[in-house]
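Q: Got a predicted model here, sequence first, then my questions.
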Amino acid sequence: MEPISLIIAALVAGAAKAAGDAAPDAYNGLKTLIKRKFSGDPKAEMVLEEHETDPETYEAALKKKLAEAGADKDEEIIKAAQELLKQLKPEESKAGKYNVVFQGEVKGIQVGDRNIQENKFG
């Protein structure tokens, strides 16, 4: 999973579980790191907060702000997102599952369970 999608997935899972006291420290830690990255950009901070209550509406905007801030290259944020997902979805964090790293050009990859993919390269 590419870094921005990983961060978004962790935020969505964390927000959904926040009310149930599942991994609140990890979730709040991830949000704190992202807020620090967004420091000085009130629009980005607002998008992060709004995403918590309405992820579908704010997902594209949050992805854009995360990319602009370089969150996808911030090892601390990526590790915090991975840790949060491990705590919230341990069955999906088994050795190697969804821990994919690509080097160079990649075509036709899909990560996940029960996916269907059709590729036509020409």
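A: Okay, I see it.
Q: List the buried residues for stretch 70-87?
A: Ala71, Asp72, Asp74, Ile77, Ile78, Ala80, Ala81, Gln82, Glu83, Leu84, Leu85, Gln87 (16 or more other C-beta atoms under 10 Å). For glycine as for every other residue, the C-beta is placed from the backbone atoms N, C-alpha and C.
Q: ok, the first one touching Ile77?
A: Yes: the pair Ala71 / Ile77 is scored as a contact, 5.0 Å apart, by C-beta atoms under 8 Å.
Q: Now do the shared contacts for these two.
A: Listed as contacting both Ala71 and Ile77 by C-beta atoms under 8 Å, 6 or more residues apart in numbering are Ile7, Ile34, Lys37.
Q: Closest one to Gln117 out of these, please.
A: Ile7 (23.2 Å; C-beta to C-beta).
Q: Could you find the closest non-adjacent residue to the closest one?
A: In this structure, Ile7 finds its nearest non-sequential neighbour in Ala81, 4.7 Å apart by C-beta to C-beta, 6 or more residues apart in numbering.
Q: Which neighbouring elements make contact with the helix or strand harbouring that neighbour?
A: Assessed by DSSP states H and E, Ala81 sits inside helix 75-88. Using 3 or more C-beta pairs under 8 Å, 6 or more residues apart in numbering; DSSP states H and E, the elements in contact with helix 75-88 are helix 3-18, helix 24-37.
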